[in-house]
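Asker: fold the following.
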Amino acid sequence: MNQDKNNVLTEIRKIIENAANIALFCHIRPDGDAIGSMLGLGWSLEEMGKKVQYVCPDELPVQGWLNPQTIGKNTRFVKAPEPYDCSVLLDVSTLSRAGYFFEQPDIGQPDICIDHHVSNSGDAKINLIDPSAPATAIIVAHLIEELNFPMNKEIAEALLSGIIMDTQGFSTSNTNPDSLRVTAKLMEQGADLYWGIQNILKAHSLEAAKYWHCGLSKLETRGKILWTVLTDTDRVHSGYTGRDDAGLIDYLASTEGFLATVLFNEQNDGRVKISWRSRPGVNVAAIAEEFGGGGHRQAAGADVNGPIDDVVERVLACTEKGVRSAEQSS
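Answerer: Below is the predicted model:
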């Protein structure tokens, strides 16, 4: 551990120990890592006697996360917090990704940010950012251990759920030995790896399967790019209630012969949610940043306003440039 990290951990300990009411924030369009990290840290803080607010600016995903009720926990999520002593951003790469709350005047700078996105420039007073970590939940697991915060089976299960989702069951290119060591420690606390993979990563509803069918039936290619569209009409016809893609992008990303995969998910408010996945060598985070988004080199996203046909053309043109640049430099 270097001195800079020592200083960061010391400051985090001081802030948390002096706070009675802590607000945890995840990002818009929350995924399993964002929620797993928030629940894991939040439940540990509750064991310390802290009041914790779980702030989620968007609707929770329909699948792909550990619902606290499935393990007997009663955790309430809110879209905006009541007054708090300390604010913590979890898996939030930029302040705008925390939703509208911090865009309000007189809110002030967040106290702590814990994240693993390479695009994170450090918007909080204290920033614990490790782009080498395959999931923010791994950083939280280390934090809990290094600061000797409480750990139990439920906390371990929440953190493991985040690791499972962001590594796609330990199959992403950034999965490293540390992620496996952390997972082993969480399993020693009682977290069930098999249950997590089967029920958090793989399980899906009949409605989600019908939703997938809508996207699969419209698959198209453009050179080395595979892409498809999910419309608001598809969502209604399938009966799928989530605003996400039900994990379709990760299935498509394993299709052989393509360097990048793009999924356009039309919303009912004039926005289009875009998800990118890529093979090593194609930096889709840089492409996403062109549209106000961000993420990881091989997995990124953005929200774009406009008619879906216009958004599709603009995004595919930019993605083509990124793929060509990667091919020329390889």
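Asker: now the helices for the stretch 101-250 of the chain?
Answerer: Using DSSP state H, counting those that start in this stretch, the helices assigned to the stretch 101-250 of the chain run over residues 136-146, 153-166, 177-188, 193-196, 206-216, 232-238, 248-252.
Asker: which among those is found nearest to residue 282?
Answerer: Relative to residue 282, the nearest member of the helices of the stretch 101-250 of the chain by C-beta to C-beta is helix 248-252, separated by 14.7 Å. For every residue, glycine as well, the C-beta is placed using N, CA and C.
Asker: what angle sits between the following helix or strand past that closest one and helix 206-216?
Answerer: Tracing the chain C-terminally past helix 248-252 and defining elements by DSSP states H and E, one meets strand 260-266 next. Following axes from the mean of the first three to the mean of the last three C-alpha atoms, to 10 degrees, one obtains 120 degrees for the angle between strand 260-266 and helix 206-216.
Asker: now the strands: where do they sit in this structure?
Answerer: With DSSP state E applied, the chain shows strands at 21-25, 51-55, 77-78, 86-90, 112-115, 126-129, 220-222, 225-230, 260-266, 271-278, 294-295, 299-305, listed in chain order.
Asker: now render these as JSON lines, adding mean neighbour count, mean pLDDT and distance to residue 241.
Answerer: Rendered in JSON lines, the data for the strands of the chain read as follows (neighbours: other C-beta atoms under 10 Å; pLDDT from 0 to 100; distance: least, C-beta to C-beta, whole Å):
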{"stretch": "strand 21-25", "mean neighbour count": "23", "mean pLDDT": "98", "distance to residue 241": "24"}
{"stretch": "strand 51-55", "mean neighbour count": "19", "mean pLDDT": "98", "distance to residue 241": "21"}
{"stretch": "strand 77-78", "mean neighbour count": "14", "mean pLDDT": "97", "distance to residue 241": "16"}
{"stretch": "strand 86-90", "mean neighbour count": "28", "mean pLDDT": "98", "distance to residue 241": "25"}
{"stretch": "strand 112-115", "mean neighbour count": "27", "mean pLDDT": "97", "distance to residue 241": "29"}
{"stretch": "strand 126-129", "mean neighbour count": "20", "mean pLDDT": "96", "distance to residue 241": "34"}
{"stretch": "strand 220-222", "mean neighbour count": "13", "mean pLDDT": "97", "distance to residue 241": "27"}
{"stretch": "strand 225-230", "mean neighbour count": "22", "mean pLDDT": "98", "distance to residue 241": "14"}
{"stretch": "strand 260-266", "mean neighbour count": "24", "mean pLDDT": "98", "distance to residue 241": "14"}
{"stretch": "strand 271-278", "mean neighbour count": "25", "mean pLDDT": "96", "distance to residue 241": "15"}
{"stretch": "strand 294-295", "mean neighbour count": "22", "mean pLDDT": "84", "distance to residue 241": "25"}
{"stretch": "strand 299-305", "mean neighbour count": "20", "mean pLDDT": "92", "distance to residue 241": "19"}
